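Student: would you be able to build a 3D model of this:
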Amino acid sequence: MFDRRTALAGGMALAATPAIARTPQGKAASKAFPSGFLWGAATAPHQIEGNNTSSDLWFLENQQPTIFAEPSGDAANSFLLWERDLDLARDLGLNSYRFGIEWARIEPEKGRFSPAMLAHYRRVIEGCRARGLAPIVTYSHFTAPLWFSAQGGWTNPESTELFARYCTRVTQAMGDVMHSVITLNEPNILLILKPMLPPPVWDMQKRTIETAARRLGVKRFVCANVAGIEDLPDLQKGLLAAHAAARTAIKAVRPNLPVGVSLAMLDDQAVGRNSIRDRIRAELYGAWLELAKADDFIGVQNYERAMWDAKGRVPAPAGATVNWGGAEVWPGSLAGAVRYAHAVTGRPVLVSEHGVGTDSDAVRATLIPAALVGLKQAMDQGVPVLGYCHWSLIDNFEWIFGYKPKFGLASVDPVTFVRTPKPSAAVYAAIAKANALA
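Tutor: I've put the predicted structure just below:
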């Protein structure tokens, strides 16, 4: 089966990463990370909370036809059990937690904001603080209220104003206890997936949203991560405007609250003469990286490298370590993406997501330190990196592929919801607690 996150999760063989990085002067790089470096894990509200019944994706998951393999249902029941997640992050020795606020819970009906839900998410943030976890808060992680997507979502000219209004309310309610804000999660994801997803997947996405539009009696139904190819230009235009407006709205309430956007980024590598790599980069990230120059930081979400020759993308080498969907796992891709994001924007980088979907936790346990070696080398060579958030804290609902892909540092029992750390969690915890590579 073609995995959309497989399209964001590969590279060369794990063993190819050197055990000790070298600075340009040839000296062995320090294994210690800077004081205050953020060691975190990431989650998204729709993927872990469960029963997000007022959202656009809940509506799509529970109809036929649908692009979703299964509905999210209870997910990890984190709306009720959020303290278990925070305890897990604390017990791993992490000092930060990236999570999201669900707009559909805050504003389930257009113009009606829920004081109870605003208070709920404030309690989560305060729970982070009580456990020594810096709360990195995402305001929109793909999902939106059903009413919002039913009026065209981000393609509707009103979307900018509506998102800014929501951001204002959230920041007024809890901005004083946040560490930093990510406005939008991977708003460029469909640009990356455009050439990767086979035509039948795009066709099914179109059928899914057209069915939703008919059910609701509306002209256009569009989601941030479920749309037709023909929706992409309008979608990007709306998302770009929304981020700029959100940044302004947040800063109007909390001028000193750091704000950025998290981009899906490949480690794009040029192969041979006349490589199309630079043209591809401009198409996938150009407008977003330009906009991010005015942000406080740039969030980088990396899962794979892409090698481009003069004709297109070059296949991964034979015999490479692969993830659950067959994509190559290449630890060097993280540093490559981080270097490029900083070079273009001049902004400090937050690794807001990095990980691997695999049934073999040994692959994850090997990937984490190998990727961090490359990241530390980039830092030693002058790239400012604020922190690293592993995706994900727990196994969760992976969008159209349901619960099959496993990205978590801990598994979740679907009946009891008990979280059980995997061996890779201990590997990551040792690095985080020491604030240094082994």
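Student: assumed residue 268 was part of a strand.
Tutor: Yes - membership of residue 268 in a strand is supported by DSSP: H, G, I helix; E, B strand; the rest coil.
Student: isn't it up against residue 339?
Tutor: No - Residue 268 is beyond contact range of residue 339, at 11.2 Å (criterion: C-beta atoms under 8 Å). Using the backbone N, CA and C atoms, a C-beta is placed for each residue, glycine as well.
Student: can you pull out the strands in the stretch 1-150 of the chain?
Tutor: Along the stretch 1-150 of the chain, the stretches classed as strands by DSSP state E, counting those that start in this stretch are 38-42, 96-100, 134-140.
Student: out of those strands, deepest packed?
Tutor: When the strands of the stretch 1-150 of the chain are scored by mean count of other C-beta atoms under 10 Å, the highest mean neighbour count falls to strand 96-100 (a mean of 28).
Student: now the strands of the stretch 1-150 of the chain as CSV including distance to residue 332 and mean pLDDT?
Tutor: Below are the strands of the stretch 1-150 of the chain laid out as CSV (distance: least, C-beta to C-beta, whole Å; pLDDT from 0 to 100):
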stretch, distance to residue 332, mean pLDDT
strand 38-42, 21, 99
strand 96-100, 23, 98
strand 134-140, 25, 99
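Student: I'd like the ones you listed as CSV, with distance to residue 150 appended.
Tutor: Below are the strands of the stretch 1-150 of the chain laid out as CSV (distance: least, C-beta to C-beta, whole Å):
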stretch, distance to residue 150
strand 38-42, 28
strand 96-100, 21
strand 134-140, 16
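Student: and the ones you listed: which comes nearest residue 80?
Tutor: Nearest to residue 80 among the strands of the stretch 1-150 of the chain is strand 96-100 (14.6 Å), distances taken as C-beta to C-beta.
Student: and the closest one, what does it pack onto?
Tutor: Strand 96-100 is packed against strand 38-42, helix 45-48, helix 78-91, strand 134-140, strand 385-391, with contacts defined by 3 or more C-beta pairs under 8 Å, 6 or more residues apart in numbering; DSSP states H and E.
Student: now what about the third one, what contacts it?
Tutor: Around helix 78-91, the neighbours that count as contacts under C-beta atoms under 8 Å, 6 or more residues apart in numbering are 40-41, 43, 45, 48-51, 76, 97, 99, 124, 127-128, 131-133, 393-394, 410, 417, 419, 421.
Student: and that helix, C-alpha only, in PDB?
Tutor: What follows is helix 78-91, C-alpha atoms only, in PDB (Å, rounded to 0.1, in the frame of the first residue of the first chain):
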ATOM      1  CA  SER A  78      -5.700  11.500  24.900                       C
ATOM      2  CA  PHE A  79      -8.400  14.100  25.300                       C
ATOM      3  CA  LEU A  80      -9.200  12.400  28.600                       C
ATOM      4  CA  LEU A  81      -5.800  10.900  29.200                       C
ATOM      5  CA  TRP A  82      -3.500  13.800  28.300                       C
ATOM      6  CA  GLU A  83      -1.800  13.600  31.700                       C
ATOM      7  CA  ARG A  84      -0.500  10.100  30.800                       C
ATOM      8  CA  ASP A  85       1.100  11.600  27.700                       C
ATOM      9  CA  LEU A  86       2.700  14.400  29.700                       C
ATOM     10  CA  ASP A  87       3.900  11.900  32.400                       C
ATOM     11  CA  LEU A  88       5.400   9.700  29.600                       C
ATOM     12  CA  ALA A  89       7.300  12.700  28.100                       C
ATOM     13  CA  ARG A  90       8.600  13.700  31.600                       C
ATOM     14  CA  ASP A  91       9.600  10.200  32.500                       C
END
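Student: list the buried residues of it.
Tutor: Neighbour counts over helix 78-91 (16 or more other C-beta atoms under 10 Å) mark 78, 79, 81, 82, 84, 85, 86, 88, 89, 90 as buried.
Student: pull the most distant pair out of these.
Tutor: Greatest spacing in these, by C-beta to C-beta: 79 and 90 (19.3 Å).
Student: go through the buried residues of helix 78-91 and name the one nearest residue 386.
Tutor: Taking C-beta to C-beta as the measure, residue 386 sits nearest to residue 89 out of the buried residues of helix 78-91, at 17.3 Å.
Student: for that closest one, give its distance to residue 406.
Tutor: For residue 89, the distance to residue 406 equals 18 Å [C-beta to C-beta, to the nearest Å].
Student: before we move on, what about residue 59?
Tutor: Distance, residue 59 to residue 406, using C-beta to C-beta: 26 Å.
Student: circling back: indicate which one of the strands of the stretch 1-150 of the chain is closest to residue 318.
Tutor: Ranking these by proximity to residue 318 (C-beta to C-beta) places strand 38-42 first, at 32.1 Å.
Student: going through the contacts of helix 78-91, which ones are buried?
Tutor: Here, 16+ other C-beta under 10 Å leaves 40-41, 43, 45, 48-50, 76, 97, 99, 124, 127-128, 131, 133, 393-394, 410, 417, 419, 421 buried among the contacts of helix 78-91.
Student: so residue 375: helix, strand or coil?
Tutor: Using three-state DSSP, the secondary structure recorded for residue 375 is helix.
Student: tell me the mean pLDDT over stretch 237-247?
Tutor: Here stretch 237-247 scores 98 as its mean pLDDT.
Student: what sits up against that stretch?
Tutor: Stretch 237-247 is contacted from outside by 139, 153-157, 159-161, 163-164, 167, 183-184, 187, 224, 259, 261, 287-288, 291, 294-295, using C-beta under 8 Å, 6+ apart.
Student: now with 7 Å?
Tutor: Contacts of stretch 237-247 with the rest of the structure, by C-beta atoms under 7 Å, 6 or more residues apart in numbering, involve 139, 154-155, 159-160, 163-164, 167, 183-184, 187, 259, 261, 287, 291, 295.
Student: show me the residues you listed that map onto helices.
Tutor: The helices in this structure, assigned by DSSP state H, contain 159, 160, 163, 164, 167, 287, 291 from the contacts of stretch 237-247.
Student: fine, thanks again, bye for now.
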